[in-house]
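In: structure, please.
(chains A and B)
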Amino acid sequence: MYRQTEIIKDASQPGIEGDMVINVGPQHPATHGVLHLVITLNGETIKKVEPHLGYIHRSIEKMCESLSYRQFIYVTSRMDYLSAHINNHACALCVEKGLQVEIPPRAQVIRILMDELTRIASHELWWGAMAMDLGAFTPFFHAFRERETINDIMEDTCGARLTMNYIVPGGVMADLHPDFQKKTKEFIQLYKRKIHEYDELVTGNIIFQNRMKGIGYLSPEDAVSYGCTGPTARGSGVSSDIRKLYPYEIYDKLEFDEVLESAGDSFARYMIRIGEMQQSIRIIEQLIDNIPEGDFQAKTKAVLKLPKGEYYSRVETARGELGVYIVSENGTTPYRIKFRSPGFSNLSVLDHIARGSKLGDLVAMMGTLDLVIPDIDR
Amino acid sequence: MFIVKYIKDVWNAVRSLLKGMRRTGYYFTHHKEIITQQYPDNKDTLHLPERFKGEVVMLHDENNEHLCTGCTACELACPNATIKIITKFDITPDGKKKKAIDKFVYHLELCTMCNLCIIACPTDAIKMAQTFEHSVFDRSELTKILNKPGSKIKEGVE
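Out: Numbering: from 1, shown residues only, chains lettered A, B, ... in the order given. Okay, the predicted model is just below:
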């Protein structure tokens, strides 16, 4: 199709004649979400992408080992800060598995409602940020207009906008705010009124489609072998929704579809996330009028002690499967905690899908992988 | 039929761009819905939800009495060692020694507003305030002593 040009000849390293190595990011180590990509180019064609990690490594796993089972949950909000609520949920599920507590139905419904609201908020931000990566500035504000409504709902009930720390082992920290149902219904109305603007502005746009279709192809086999989960794997047609495969809470009683696309390119991954927002709205609509009465928290002991053993729980965050693995030695703090974060596996596939494509398309590919760097580095 | 397909593609492309521009034009002409908050100017009318987690404060009533018994439940619940309680022994009128707080030291610079101390408190002596403008000129100003000078524990709180 195109002629590969050789622009730079590095005399000191004769082995890589014609290659140019450029560094993409970070602008400043103190910025949020810093990812350093070392890209080997031949002309404009990518030969290799090497992600360099560790700029915001905070050793969260090690930190958790010195915190009690109630305390360590708040730290996990700082991993994948866009789905902070779902991270807390995963940790609470794992602790509850060890404690063998029964969660009241009201708490389960509240958790799922908050999870799905978080998922929509996360996908809204992804949509705006990805369009901005591709050079469209307006969608960012359209996305934030709706996301702001969710943040207000969160602020009312949880007391914070991003790092909520609302879920505790045994239930949730506080009951729902009296305005919660009203505001959520208003949000659903607003969302349904505005969602067609997303398609008008971005999805149907010919420039956007040409930059997405056929770019960054990921075959189902590679998606499985690289350990991709979430929308990245589902864009290649791999069924990987934890809510369907290993249902937790009351997801098995709810009606929703697992969104699947078979194309495997960037546009398929884009459409997955747009479809997931609709499914989340569907789940919220089913639950919002049917919140059971009762306690919002099960009775637990003041000091939690997990019996000796190993516990693993997984949830579906906005980016894929988040696994929490706790080794307990019958103490008040975990002996070892391991987080299986979706972002790390999804990043590892970047080199594979980027090889052979143009440098300008790398941004589109990174955008559709939906990378949240604190989730990768932890 | 290449030329027909070509023209069709061009037409669809132009139509998709016009569709997006129509939406932009709509908001350009219908700017009644202003969602931007003019933050420093709207300070008087700014309303934060009552559950908003800004900073930990200790409640005092009009007699300068608080509810804190110095049980250190909040200190134990805090993941970051934000709270340090220094206790002393008061001599009650009938000659007995009674434990009371001397200083309730709160390090705002370490606090992550996780709300765990509030739910741990058995007497509801502390709560989250809705303040959010925490910037100061010197770091030492962030270390606060929450009990007011001269305050004592309310009668009957154990």
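In: alpha carbons only for contacts and neighbour counts from here, please
Out: Noted.
In: show me which residues of the stretch 201-350 of chain A sit near chain B.
Out: By the rule C-alpha under 8 Å from any C-alpha of the partner chain, the part of the stretch 201-350 of chain A lying against chain B is A:Leu201, A:Val202, A:Gly204, A:Asn205, A:Ile206.
In: between these, which is nearest A:Asn330?
Out: Comparing those against A:Asn330 with C-alpha to C-alpha places A:Val202 closest, at 53.0 Å.
In: quick one, strands of the stretch 201-350 of chain A?
Out: Secondary structure of the stretch 201-350 of chain A (DSSP state E, counting those that start in this stretch): strands at A:309-316, A:321-328, A:336-340.
In: phi first, then psi, for the residue of chain A found nearest chain B.
Out: Of all residues in chain A, A:Gly159 sits closest to chain B, at 3.9 Å by C-alpha to the nearest C-alpha. Per-residue torsions, A:Gly159: phi 90, psi 0 (degrees, to the nearest 10).
In: about what we covered before: pick the most deeply packed of the strands of the stretch 201-350 of chain A.
Out: Across the strands of the stretch 201-350 of chain A, the average number of neighbours (mean count of other C-alpha atoms under 10 Å in any protein chain shown) peaks for strand A:321-328, which reaches a mean of 22.
In: centre of the chain to that strand, how far?
Out: Relative to the chain's own centre, strand A:321-328 is displaced by 17 Å; criterion: C-alpha atoms, centre = their mean, to the nearest Å.
In: and the residue of chain A closest to chain B, what does it touch?
Out: Taking C-alpha atoms under 8 Å, 6 or more residues apart in numbering or on different chains, we find A:Gly159 in contact with B:Pro49, B:Glu50, B:Arg51, B:Phe52, B:Lys53.
In: and the first one, how many neighbours?
Out: As a burial measure, the neighbour count of B:Pro49 was computed by other C-alpha atoms under 10 Å in any protein chain shown and equals 16.
In: check the last one too.
Out: B:Lys53 is flanked by 24 other residues according to other C-alpha under 10 Å.
In: excluding chain neighbours, what is closest to A:Gln108?
Out: Excluding the flanking residues, the one nearest A:Gln108 by C-alpha to C-alpha, 6 or more residues apart in numbering or on different chains is A:Glu249, at 5.9 Å.
In: tell me the pLDDT of the one you found.
Out: Per-residue confidence (pLDDT) for A:Glu249: 83.
In: from A:Ile103, how far off is it?
Out: 9 Å (C-alpha to C-alpha, to the nearest Å).
In: more neighbours, these two?
Out: Taking neighbours as other C-alpha under 10 Å, A:Glu249 and A:Ile103 compare with A:Ile103 leading, 20 against 15.
In: touching, that one and A:Ala298? I think so.
Out: Yes - in terms of C-alpha atoms under 8 Å, A:Ile103 counts as a neighbour of A:Ala298; the distance is 5.9 Å.
In: who touches both of those two?
Out: Listed contacts common to A:Ile103 and A:Ala298 are A:Gly170, A:Gly171; contacts here mean C-alpha under 8 Å, 6+ apart.
In: next, count neighbours for B:Leu18.
Out: 16.
In: after whichever strand or helix holds B:Val10 comes which helix or strand?
Out: Assigned by DSSP states H and E, B:Val10 belongs to helix B:2-29. Following helix B:2-29 in sequence order, the next helix or strand is strand B:55-58 (DSSP H and E).
In: other SSEs contacting the helix or strand just after that following strand?
Out: Next in sequence after strand B:55-58, counting helices and strands by DSSP H and E, comes strand B:65-66. Strand B:65-66 sits against strand B:152-153, with contacts defined as 3 or more C-alpha pairs under 8 Å, 6 or more residues apart in numbering or on different chains; DSSP states H and E.
In: can you tell me the strand partners of the strand it packs on and which way each runs?
Out: Taking DSSP bridges as the criterion, strand B:152-153 forms sheet pairs with strand B:65-66 (parallel).
In: residue contacts, the residue positioned nearest the centre of chain A?
Out: Using C-alpha atoms, centre = their mean, the residue of chain A that lies closest to the mean C-alpha position is A:Arg319, 2.8 Å off. Taking C-alpha under 8 Å, 6+ apart as the criterion, A:Arg319 is in contact with A:Thr229, A:Gly230, A:Pro231, A:Thr232, A:Pro342, A:Gly343, A:Asp370.
In: can you select the buried ones from those in PyMOL?
Out: Buried residues among the contacts of A:Arg319 (16 or more other C-alpha atoms under 10 Å in any protein chain shown), as a PyMOL selection:
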select buried, chain A and resi 229+230+231+232+342+343+370
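In: OK, contacts around whatever residue of chain B ends up closest to chain A?
Out: Nearest residue of chain B to chain A (C-alpha to the nearest C-alpha) works out as B:Phe52 at 3.9 Å. Applying C-alpha under 8 Å, 6+ apart to B:Phe52 gives the contacts A:Glu155, A:Asp156, A:Cys158, A:Gly159, A:Ala160, B:Met128, B:Ala129, B:Gln130.
In: what helix or strand is the first one on?
Out: For A:Glu155, the enclosing helix or strand under DSSP H and E is helix A:138-158.
In: may I have that helix exported as PDB, CA atoms only?
Out: The C-alpha trace of helix A:138-158 is given here as PDB (Å, rounded to 0.1, in the frame of the first residue of the first chain):
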ATOM      1  CA  THR A 138     -16.700  19.300  22.100                       C
ATOM      2  CA  PRO A 139     -17.700  15.700  23.000                       C
ATOM      3  CA  PHE A 140     -15.600  16.000  26.200                       C
ATOM      4  CA  PHE A 141     -18.000  18.600  27.500                       C
ATOM      5  CA  HIS A 142     -21.100  16.700  26.400                       C
ATOM      6  CA  ALA A 143     -19.800  13.700  28.300                       C
ATOM      7  CA  PHE A 144     -19.000  15.600  31.400                       C
ATOM      8  CA  ARG A 145     -22.500  17.200  31.400                       C
ATOM      9  CA  GLU A 146     -24.000  13.800  32.000                       C
ATOM     10  CA  ARG A 147     -21.200  12.600  34.200                       C
ATOM     11  CA  GLU A 148     -21.600  15.500  36.500                       C
ATOM     12  CA  THR A 149     -25.200  14.400  37.300                       C
ATOM     13  CA  ILE A 150     -23.900  11.000  38.400                       C
ATOM     14  CA  ASN A 151     -21.200  12.700  40.500                       C
ATOM     15  CA  ASP A 152     -23.900  14.700  42.200                       C
ATOM     16  CA  ILE A 153     -25.800  11.600  43.000                       C
ATOM     17  CA  MET A 154     -22.700  10.000  44.400                       C
ATOM     18  CA  GLU A 155     -21.900  13.100  46.400                       C
ATOM     19  CA  ASP A 156     -25.300  13.100  48.000                       C
ATOM     20  CA  THR A 157     -25.200   9.500  49.100                       C
ATOM     21  CA  CYS A 158     -21.500   8.600  49.500                       C
END
